[in-house]
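*Asks:* Provide a 3D model corresponding to the input given below.
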Amino acid sequence: MGKIRYESLAYYYGLLTLMIGVILRSFYQVLNGSSFVLIHLSLTLIALILVLSKNKYSKMIIKIWSSVFFILAGILLTVGPLLQLIGSWMSDQPIPDKSLVIVWGLINLLIGVIVFMGANNFIFVNEDVT
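*Replies:* Next up is the predicted model:
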């Protein structure tokens, strides 16, 4: 079975730190009664196990995980409040302050792009030819 190798230890440890932080935040949200986070928590745990075991599928899982939970979520967190701001502006209603949500969405988007591009640039699959 093929294993992966990480060209950059900084990327590897940064990815582990990010995953552990996401798991801790999700676990905290589950303890506070949010059951919707269980899917995110379980998929992040699976991705963490694959990364730690250096499984050959971990590169693909990291790309899917960062695409869904960071890039797509960042786009939705950014576009949603922007559409609300445009709607409020066009209907002459008071414009709500959504700047923190937009900044959080942009941070998620940036983290997702860094993780996705890092998976392309720093993770290589070693195929065992036997």
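*Asks:* any idea where the strands of the protein begin and end?
*Replies:* For the chain, the strands defined by DSSP state E occupy 3-6, 123-126.
*Asks:* can you list those strands in a markdown table and add mean pLDDT and distance to I46?
*Replies:* All C-beta atoms are positioned from the backbone trio N, CA, C, and that covers glycine. A markdown table is the format used below for these (pLDDT from 0 to 100; distance: least, Cβ to Cβ, whole Å):
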| stretch | mean pLDDT | distance to I46 |
| --- | --- | --- |
| strand 3-6 | 87 | 16 |
| strand 123-126 | 86 | 17 |
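*Asks:* For the ones you listed, could you give me a markdown table that also reports distance to K56 and mean neighbour count?
*Replies:* Shown next, in a markdown table, are these (distance: least, Cβ to Cβ, whole Å; neighbours: other Cβ atoms under 10 Å):
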| stretch | distance to K56 | mean neighbour count |
| --- | --- | --- |
| strand 3-6 | 6 | 16 |
| strand 123-126 | 5 | 15 |
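*Asks:* For I20, which of these is the nearest?
*Replies:* strand 3-6 (16.4 Å; Cβ to Cβ).
*Asks:* Export only the CA atoms of the closest one, formatted as CSV.
*Replies:* C-alpha atoms of strand 3-6 as CSV (Å, rounded to 0.1, in the frame of the first residue of the first chain):
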residue,chain,number,x,y,z
LYS,A,3,2.2,5.9,1.8
ILE,A,4,2.5,9.6,1.6
ARG,A,5,5.4,11.9,2.4
TYR,A,6,5.2,15.5,3.4
